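Peer 1: all I have is the shape, not the residue letters:
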């Protein structure tokens, strides 16, 4: 009898463990295994919860990429996956990242770039029965009763808080200066919110490097929503944002860079940056035409540009307002070598 009771107790614990391993406080939050699966194209480092962690040095290089450059690179980028699925009505073609940009939002500070790894949260309009069950599991996990803080409480340094607040349709604000202070304290970074912001003067006073990109400003607080998911796929405008995407937000708008394409976006921008500087300088001096500078380099121009790279590999920073905008000498020399090989053996 004792063995039978022990067996039944063990079975109950196993069933309970199995059941609660699939229960989250939010219906759409990803477990670690799900995070690993749905971001499996990324092969690099990860946070303990499975979220992709693009290296700090790559994130730092992306600060100097324009939104236009990032979009243009992603618009021609694809992944080496065997099956991408049909796009619509059975149509199949090469799938590229053409839906990574969204514009038309406002920034708290127009001159402060927001750059970092996305930590996502999905809010939906309040519904009592669903909200009660979400809060019940949240209580079991030791979360606060204020669901609006749940995503902020788990921010890591360098994260960008990315929130879809009921598609921005609820005309009251998700963040005031109290929550803004917590976002900055936990992440040292800004936020992109498909919703509105209040307490503008208070948020402006938090830190001169702190910034928001939002739909608009509104004075009233918004309590008519619930948290449907943390670190899950969310929608910002017409962009699907995944946890771990690199957020690049400027006055041009915001682009969400999939982690597996972050390095390519940075390197493509650095090559273009140096080429454009050199070509624009030639136009100002009257040596090149606009067409030549816009990509129609002559053989003589190609040779001159490659030599210019080699001559200035160790001092490229002098050509930019911020010396950190210049690529590393190793990258410049590798780029010059690629050009030498390419133009020595033109196809």
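Peer 2: Structure's in. What do you need? None of these values were measured; they are calculated from a predicted model. Numbering: from 1, shown residues only.
Peer 1: which parts of stretch 232-246 are buried?
Peer 2: By neighbour count on 16 or more other C-beta atoms under 10 Å, the buried set for stretch 232-246 is 232-234, 236-237, 239, 241-246. Glycine gets a C-beta too; all of them are placed from N, C-alpha and C.
Peer 1: also stretch 198-212?
Peer 2: Buried residues in stretch 198-212 (16+ other C-beta under 10 Å): 198-200, 203-204, 206, 210-212.
Peer 1: circling back to that earlier point, what about the buried residues of stretch 232-246, which are in strands?
Peer 2: 234, 236, 239, 241, 246 (DSSP state E).
Peer 1: sorry, back to before: rebuild the buried residues of stretch 198-212 as a markdown table, extending it with secondary structure, distance to residue 285 and pLDDT.
Peer 2: What follows is the buried residues of stretch 198-212, written out as a markdown table (DSSP: H, G, I helix; E, B strand; the rest coil; distance: C-beta to C-beta, whole Å; pLDDT from 0 to 100):
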| residue | secondary structure | distance to residue 285 | pLDDT |
| --- | --- | --- | --- |
| 198 | coil | 52 | 95 |
| 199 | coil | 51 | 96 |
| 200 | helix | 46 | 97 |
| 203 | helix | 46 | 98 |
| 204 | helix | 43 | 98 |
| 206 | coil | 46 | 98 |
| 210 | coil | 42 | 98 |
| 211 | coil | 38 | 98 |
| 212 | strand | 42 | 98 |
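Peer 1: looking at the ones in strands among the buried residues of stretch 232-246, which is nearest residue 60?
Peer 2: residue 246 (11.1 Å; C-beta to C-beta).
Peer 1: got the contact list for the closest one?
Peer 2: Residue 246 makes contacts with 54, 59, 62, 115-118, 256-257, 259, 262, as judged by C-beta atoms under 8 Å, 6 or more residues apart in numbering.
Peer 1: same thing but at 10 Å, please
Peer 2: 52, 54, 58-59, 62, 65, 70, 115-118, 160, 255-259, 261-262, 265-266 (C-beta atoms under 10 Å, 6 or more residues apart in numbering).
Peer 1: show me which helix or strand of this protein is least confident by mean pLDDT.
Peer 2: Ranking every helix and strand in the chain by mean pLDDT, DSSP states H and E puts helix 2-20 at the bottom, with a mean of 38.
Peer 1: please identify the buried residues of the helix or strand following it?
Peer 2: On the C-terminal side of helix 2-20, the nearest following helix or strand under DSSP states H and E is helix 32-38. By neighbour count on 16+ other C-beta under 10 Å, the buried set for helix 32-38 is 35-36.
Peer 1: ok so, going back, in helices, which of the contacts of residue 246 appear?
Peer 2: Here DSSP state H is the test, and the contacts of residue 246 give 58-59, 62, 70, 262, 265-266 as lying in helices.
Peer 1: closest to residue 78 out of those?
Peer 2: The shortest approach to residue 78 among the ones in helices among the contacts of residue 246 belongs to residue 265, at 13.7 Å (C-beta to C-beta).
Peer 1: tally of neighbours for the closest one?
Peer 2: By other C-beta atoms under 10 Å, the residues close to residue 265 number 27.
Peer 1: likewise residue 55?
Peer 2: By other C-beta under 10 Å, the residues close to residue 55 number 13.
Peer 1: wait, it sits on residue 46?
Peer 2: No: applying C-beta atoms under 10 Å, one finds residue 55 not in contact with residue 46, separated by 11.7 Å.
Peer 1: anything in contact with each of those two?
Peer 2: What both residue 55 and residue 46 touch, as defined by C-beta under 10 Å, 6+ apart, is the set residue 259.
Peer 1: who's residue 221 bridged to?
Peer 2: The partner list for residue 221 in beta bridges (DSSP bridges) reads residue 173.
Peer 1: surely it is in contact with residue 199?
Peer 2: Yes: counting by C-beta under 10 Å, residue 199 is a contact partner of residue 221 at 9.5 Å.
Peer 1: quick one on the thing from earlier: now, which of the buried residues of stretch 198-212 sits nearest residue 30?
Peer 2: Closest approach between the buried residues of stretch 198-212 and residue 30, by C-beta to C-beta: residue 212, at 25.3 Å.
Peer 1: got the domain boundaries for this protein?
Peer 2: When the chain is parsed with automatic domain parsing, its domains come out as 56-77+96-258, 263-344.
Peer 1: can I get those in CSV with distance to residue 36?
Peer 2: Below are the domains of the chain laid out as CSV (distance: least, C-beta to C-beta, whole Å):
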stretch, distance to residue 36
domain 56-77+96-258, 11
domain 263-344, 20
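Peer 1: was I right about residue 98 contacting residue 76?
Peer 2: Yes: using C-beta under 10 Å, residue 98 is in contact with residue 76, at 8.9 Å.
Peer 1: next, the contact list for residue 211, please.
Peer 2: Residue 211 is in contact with 107-114, 160, 184, 189-192, 203-204, 249-250, counting by C-beta under 10 Å, 6+ apart.
Peer 1: ok, now residue 234?
Peer 2: Applying C-beta under 10 Å, 6+ apart to residue 234 gives the contacts 28, 118, 120-123, 162-164, 194, 228, 240-243.
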